[in-house]
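turn this into a structure:
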Amino acid sequence: MVREYDICVIFGGVSSENEISVITGTMACNVLKKGGKSVLPVYITQEGEMLSDDRLADISVYKEGKFGGMCAASFMRGGALILNRKRRVKAFAKFGAILNCCHGGGGEGGAVAGIAEVAGVPFASAGMFESAAFMDKYLTKLVLAGLGAGIVPYVYARNRRDALSSAGALGYPVIVKPCNLGSSIGISRADDEEALGAALDVAFSLDSAVIMERYLSPRREINCAAYCDGGRIVVSPCEEVFTSGDLLSYSDKYSGGGKRQFPADLGEREADFIRSQTARVYGALNMRGIVRFDYIMSGGDIFISEINTVPGSLSQYLVSADYPSFFRVLEKVIATARADCAEKASKRILHTGILNNIATNACKIK
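Residues are numbered from 1 along each chain as shown. Okay, here's the model as predicted:
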C-alpha cells in the first residue's frame with residue numbers, strides 16, 4: 001500500500017532541545033495542513049525511535065505522553081516504510097519533500113539532511129555541510145573566519161584543564177558555551193576563575209567541548225533570517241532581543257523572560273550591514289531553507305554570534321507577518337528544494353567499468 005504526501009516534517013531528536021523541536025514541528029505541520037498540504041509527521045524520541053502518526057501534529061500528545069499504538073518509520077529511497085508494532089510493513093509513504101524541524105543533536109547537525117540525501121527526497125532545509133558546521137560552535141568560528149565575517153574573540157577547549165589554563169588569554173568576564181547545544185542550554189557568564197570552574201562543570205556535563213568567548217559590554221543582540229526563493233535570497237528585517245540578565249537565557253527565549261523589538265531600532269547603515277552580511281554568508285555557502293543569523297553589536301563593531309540552520313519555530317515571526325503568509329514562505333522553500341533536487345538528478349553519474357579489469361577472486365581473503 002502506497003500513501004502519498006506533499007511533505008514529511010521531521011522533528012524531535014536525541015537532544016536536550018527535543019521539547020523545543022516539538023513546538024516547531026507541530027507548528028509547521030499545522031501551518032502546512034491549514035494551507036492544504038498533506039503532511040506526514042515523523043517524531044524522533046529522545047531515545048532515537050522514529051514514530052509516524054497523524055496525531056503527532058497535536059502538541060497535547062507530548063504533554064500527556066500518548067504514544068501508544070503509533071507506527072514506526074524507516075526511511076528508504078523515495079520515502080519511508082511505515083511499520084506496525086510488530087515491525088511489519090503497513091504502508092510505504094512517498095513524499096515530495098522533507099522539512100527539518102529538529103533542534104540540536106544529529107537532527108540539526110546534518111543527520112536529517114543525510115536521510116533526505118540517501119532517500120533522494122528534496123530537502124527544504126539547510127544541507128549536510130552547513131548543518132554540521134553550524135551545529136558546532138567551534139566549526140562555526142572557523143567557517144565564518146574563512147569568509148571574513150566578524151567573530152567574537154574566543155578559546156576552544158576539549159577538557160576542563162585546558163579551558164582553565166587558556167581563559168586568561170581572553171580576560172574576565174567570559175561566556176562559557178557547550179559546543180554543540182543550542183537554545184542557550186548550559187551557557188553561563190564567569191567573572192573570575194572560581195565562577196569559571198563552576199561554569200565549565202555545567203558545560204562539560206552536557207558536552208565534550210566548550211567555547212569560551214570574551215564577554216562584550218555594552219552589547220546588543222540582533223537577529224536576522226534568510227531563505228532561498230528560486231535562487232533569490234530573501235532577507236528579513238532585523239529584530240533586537242533583550243535579556244532579563246547578562247545573557248540571553250532559555251527562559252528569555254521560551255518562558256517569557258525576555259522581550260523583542262521588531263523591527264529593531266537600528267540606524268540604516270547598521271541594518272543594511274547586518275542584512276547584507278546575512279545574505280553574503282547564506283549565498284557563499286549556497287544555503288537553503290530558513291536560517292537565522294544571531295549578531296552581537298558592541299562599541300561600533302558587529303559580530304556574528306551563531307547561525308541557526310533550524311531556528312526556533314522556523315523564525316516565522318521574522319520572515320512573515322502571520323501564519324497564512326508563513327505558509328507561502330514554506331511553499332517557496334519547498335519549491336526551491338524540489339527544483340534543486342530535479343537539477344541534481346539531471347546530472348550524469350559515470351559508470352567507469354573498472355570492475356571489468358578486476359579478477360573475479362581478487363577481493364577474496366585466503
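
okay, CA-based contacts and neighbour counts for the rest of this
Will do.

show me the contact partners of stretch 293-308.
Contacting residues not belonging to stretch 293-308 are listed as 134-135, 137, 140, 149-152, 216-225, 274, 278, 291-292 [CA atoms under 8 Å, 6 or more residues apart in numbering].

go on, stretch 47-57?
For stretch 47-57, using CA under 8 Å, 6+ apart, the contacting residues are 13-14, 25-27, 29-30, 40-45, 61, 70-74, 82.

for that stretch, how far is the first residue from the last?
Using CA to CA, to the nearest Å, one end of stretch 47-57 lies 19 Å from the other.

buried residues in that stretch, which are they?
Of all the residues in stretch 47-57, those buried under the rule 16 or more other CA atoms under 10 Å are 50-53, 56-57.

below-threshold pLDDT in this protein: ranges please.
The chain contains residues with pLDDT under 70 at 182-183, 244-258, 366.

now do 80
By pLDDT under 80, the weakly predicted segments of the chain are 181-185, 243-258, 361-366.

what segments of it are helices?
Assigned by DSSP state H, the helices in the chain fall at 18-34, 60-64, 105-106, 112-119, 128-135, 137-146, 160-166, 193-206, 250-254, 268-284, 316-319, 323-345.

residue contacts, V333?
So V333 contacts 124-125, 227-230, 288-290 (CA under 8 Å, 6+ apart).

which one of those sits closest to A339?
The shortest approach to A339 among these belongs to G230, at 7.8 Å (CA to CA).

and which of the buried residues of stretch 47-57 is nearest V210?
Nearest member of the buried residues of stretch 47-57 to V210, counting by CA to CA, is M50, at 29.7 Å.

who's the closest one bridged to?
Applying DSSP bridges to M50 gives these bridge partners: I44.

just the closest of the contacts of V333 to G114, please.
Of all those, S125 has the smallest distance to G114: 11.4 Å, by CA to CA.

how much space separates the closest one from V176?
29 Å.

same thing with G104?
As judged by CA to CA, G104 and V176 stand 18 Å apart.

rewinding a little: output the buried residues of stretch 47-57 in a markdown table; the columns should cover distance to R269.
Putting the buried residues of stretch 47-57 into a markdown table (distance: CA to CA, whole Å) gives the following:
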| residue | distance to R269 |
| --- | --- |
| M50 | 47 |
| L51 | 48 |
| S52 | 48 |
| D53 | 49 |
| L56 | 45 |
| A57 | 42 |
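
ok, which pair from those residues is furthest apart?
Spanning the widest gap among the buried residues of stretch 47-57 are M50 and A57, at 14.3 Å by CA to CA.

now Y154, nearest residue through space, not along the chain?
Closest residue to Y154 apart from its sequence neighbours, by CA to CA, 6 or more residues apart in numbering: E213 at 4.3 Å.

now for A345, how many residues are close by?
Taking other CA atoms under 10 Å as the neighbour definition, A345 ends up with a count of 11.

could you work out the end-to-end span of stretch 31-50 for me?
When the termini of stretch 31-50 are compared using CA to CA, they are 22 Å apart.

same question, stretch 102-117
Taking CA to CA, stretch 102-117 runs 16 Å from one end to the other.

which residues does that stretch contact?
Residues outside stretch 102-117 that contact it (CA under 8 Å, 6+ apart) are 10-18, 20-21, 25, 75, 98, 100-101, 122-123, 125-136, 180-182, 309-312.

right, I'll leave it there.
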